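K.L.:
Predicted model and sequence follow; I will ask about them next.
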Amino acid sequence: MMITRTYCWLLLMLAFLCTPLHAATMASDAIEIERFVQKNPRQAAADAQLMLQRGKGRDDRLLQLKALRILANAHSLLGNTFVIGEDIPRGEQLARDLNHPQAWIEFVIASGNDAQLAGQFAFADRRFGEALAMAQKSRLPLGIAMSYAAIVNASVDRGLRNNVVIYATKAYDLFESQGDLCGMAQMLAALGLHSTDPARTIEYLERAVDLSDGAVYRWDATVTYYRLGVALYRNKDYPKSRLQLQKALAGATQLGAPVTIAYVEYYLGRADLAEHDFAEALEHWDRAVPVFSQTNDLPALFETHRFRADALSALRRNAESVTALAKAQAAANAVLVLENKGKTIPRSSRLQAPFNEYQPAYQDIVGIPAPARRGESDVRANASVAEARFDAKLRETENALLREQQKRAELERVTLVLALIGSVAVLVLAVLLLIRQVRQKQRFANLAMRDELTGLRNRRSILEFARVQFGMRMTLGTRLFVALLDLDHFKRVNDEYGHDVGDAVLVAFANACQRHLRSNHIFGRFGGEEFLLIMPDTREDQVFDVFERLREIVGDLCVAGLPESHRLSFSMGSAEVKTETASLEALIKEADLALYRAKEKGRDRCEIHQGGLQAS
């Protein structure tokens, strides 16, 4: 019985530990498929068809599932430009048979996207809900994020701003936790596109561009470049807009996406038109028009011909301008876009007038059908009523709050003044305390790093500096000498004249040496009558020059309490850092040996370790 319980607990623990690992593996596979499709969705779809055939031939169900996932992913990117028919239901069934919830979620989302494109919004919402429920049940963070993203994309199409904000922020956090940069960029772009603040739109799209690695996520990077270019154009930042649109054009060309290329060309023409480069604008539009005609994109044809008419008119190519305007009118009539006709009419009358065709111009102006004029007036009236009601509601709310605000105003002013006085007092006190603390800290730091008698660096400080210089020498290969200086017969001075005179000698010696050393030579008290000198970027002959200069100065020192006949002298031992020098301690030991030799040879001289030169 005990063994059975233990076995059950082990199985539960194993299942608990394996669930995150299983989810991570599925997420990794999904991101890998996403990257494969992003490089070129059309090519990925073609490759997936071949992969699907191989999987069927080998009866490899996992390979078939992967191929169908690629097709579903590509279909989601390409929309209705690539139809996969029964592949989505087959993929759902295969994912269910193989117990692969992440794949099943992807197929359900693809099914919802199809329904969204077909205008079947209720069915699309049901499918997205099923995907989300499965992802939550299976504890798949990436599946949850993808379900949220599908809801976001559908909400963008339907203009449901609240849904976009709520679900895009949730999806972004989940994509970030899974390391899915593409998903993060998509959510930033969705938030930007649905923002009512142009600056916020540009900010989000720029952040999306930063996340979209064009080499890995080529499709989304191209789309994001295009969207950012359009946003910058609408913000009248034409140079930056053109730069982003050129990047989008390069990406769309690599992807072989003619419709995307046409739309990029359209906005490049708009940017050129805004900066009065009419000829360049016409070149862009002339490349876009055949694609719009082939795809029967009537709104795009209308807009393109409308702006072509403006550019041709500016170039005084009036006959061509009228022809372009007629094409725009034909496109507008084909889709019965009455508001677009309203945009066309003033251009028509303006362009026909130079040919003395005043009657056609007049007919165009009055040619809007009466029901359309009444409908347009009704829209304006309804908008005015709504605006008036909104203003009245605001005024009512403001009047209700005004009296309460007036009552509180005086109290708030008094409170503000008192708070300001108190804040200033606290701030002044805090500044004074901070200054005091800084000064105390600086004083304590100086006490900790300075020799109390001489004011030089103490042993700890000079060794820290030496250690830094030693490390730089070993790294950069610069020259470095260290030297130990020891006052000759200092014990006799203490014994004959007293410790006060000895201390005065140490202070005088320290001050004299400190004043006459180079700025990059650092001098410190090593202990007793010994001093340590660090000499970076110094040659061997310069070491002797330093000794001779200090020797002469020290010999001329007059110290109170010492007879004039007592000449001060010191001995110096120096060593240079070599490649084979093991440590700073070893280097100082070499300098100490050199100092010992200097004393053995009669003091008042300098010796360099393993160097043949000497000075006295």
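P.N.:
Received, thanks.
K.L.:
Just the buried positions in stretch 37-56, please.
P.N.:
Neighbour counts using 16 or more other Cβ atoms under 10 Å place 37-38, 40-42, 44-45, 47-48, 51-52, 55 of stretch 37-56 among the buried residues. For every residue, glycine as well, the C-beta is placed using N, CA and C.
K.L.:
from the chain's centre, how far out does it sit?
P.N.:
33 Å (Cα atoms, centre = their mean, to the nearest Å).
K.L.:
residues in contact with that stretch?
P.N.:
For stretch 37-56, contacts defined as Cβ atoms under 8 Å, 6 or more residues apart in numbering pick out 36, 60-64, 66-68, 70-71, 73-75, 77-78, 82, 84, 182, 216-220, 254-257.
K.L.:
taking the mean pLDDT, what do you get for the helix or strand containing residue 173?
P.N.:
In the assignment (DSSP states H and E), residue 173 maps to helix 161-178. Predicted confidence along helix 161-178 averages 82 (mean pLDDT).
K.L.:
Show me what that helix packs onto, helices and strands only.
P.N.:
Packing partners of helix 161-178 (3 or more Cβ pairs under 8 Å, 6 or more residues apart in numbering; DSSP states H and E): helix 141-158, helix 181-193.
K.L.:
now the longest one against helix 181-193, angle please.
P.N.:
Right, helix 141-158. Interaxial angle, helix 141-158 versus helix 181-193 (axes from the mean of the first three to the mean of the last three Cα atoms, to 10 degrees): 30 degrees.
K.L.:
Show me which parts of helix 141-158 are buried, residue by residue.
P.N.:
Buried-residue list, helix 141-158, by 16+ other Cβ under 10 Å: 141-156.
K.L.:
just stretch 98-114 next, same as before
P.N.:
100-114.
K.L.:
Okay, now the unreliable bits of the stretch 351-500 of the chain?
P.N.:
The model of the stretch 351-500 of the chain has pLDDT under 70 over residues 351-409, 437, 440-448.
K.L.:
So which residues of it form strands?
P.N.:
480-487 (DSSP state E, counting those that start in this stretch).
K.L.:
In it, what residue spans correspond to helices?
P.N.:
Using DSSP state H, counting those that start in this stretch, the helices assigned to the stretch 351-500 of the chain run over residues 358-366, 370-449, 459-476, 490-497, 499-515.
K.L.:
Show me the domain layout of the chain.
P.N.:
The chain breaks down by automatic domain parsing into domains covering 23-179, 195-256, 257-368, 369-449, 459-615.
K.L.:
centre of the chain versus the first one, how much separation?
P.N.:
On the basis of Cα atoms, centre = their mean, domain 23-179 sits 28 Å off its chain's mean C-alpha point.
K.L.:
got the angle for the helix holding residue 173 vs helix 181-193?
P.N.:
Using the same axes, to 10 degrees, helix 161-178 lies at 160 degrees relative to helix 181-193.
K.L.:
Only the buried residues of helix 161-178, if you could.
P.N.:
163-165, 167-168, 170-172, 174-175, 178.
K.L.:
Rebuild these as TSV, extending it with distance to residue 203.
P.N.:
As requested, those are exported to TSV (distance: Cβ to Cβ, whole Å):
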residue	distance to residue 203
163	21
164	16
165	15
167	20
168	15
170	20
171	19
172	14
174	22
175	19
178	24
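K.L.:
Go ahead and flag the most central residue of this structure.
P.N.:
The centroid of the chain falls nearest to residue 210 when counting by Cα atoms, centre = their mean (6.5 Å).
K.L.:
Can you list the buried residues in the helix or strand harbouring it?
P.N.:
Taking DSSP H and E as the criterion, residue 210 maps to helix 198-211. Under the neighbour-count criterion of 16+ other Cβ under 10 Å, helix 198-211 has 201-209, 211 buried.
K.L.:
Can you tell me, leaving aside adjacent residues, what's nearest to residue 104?
P.N.:
Nearest residue to residue 104 in three dimensions, chain neighbours excluded: residue 95, at 3.8 Å (Cβ to Cβ, 6 or more residues apart in numbering).
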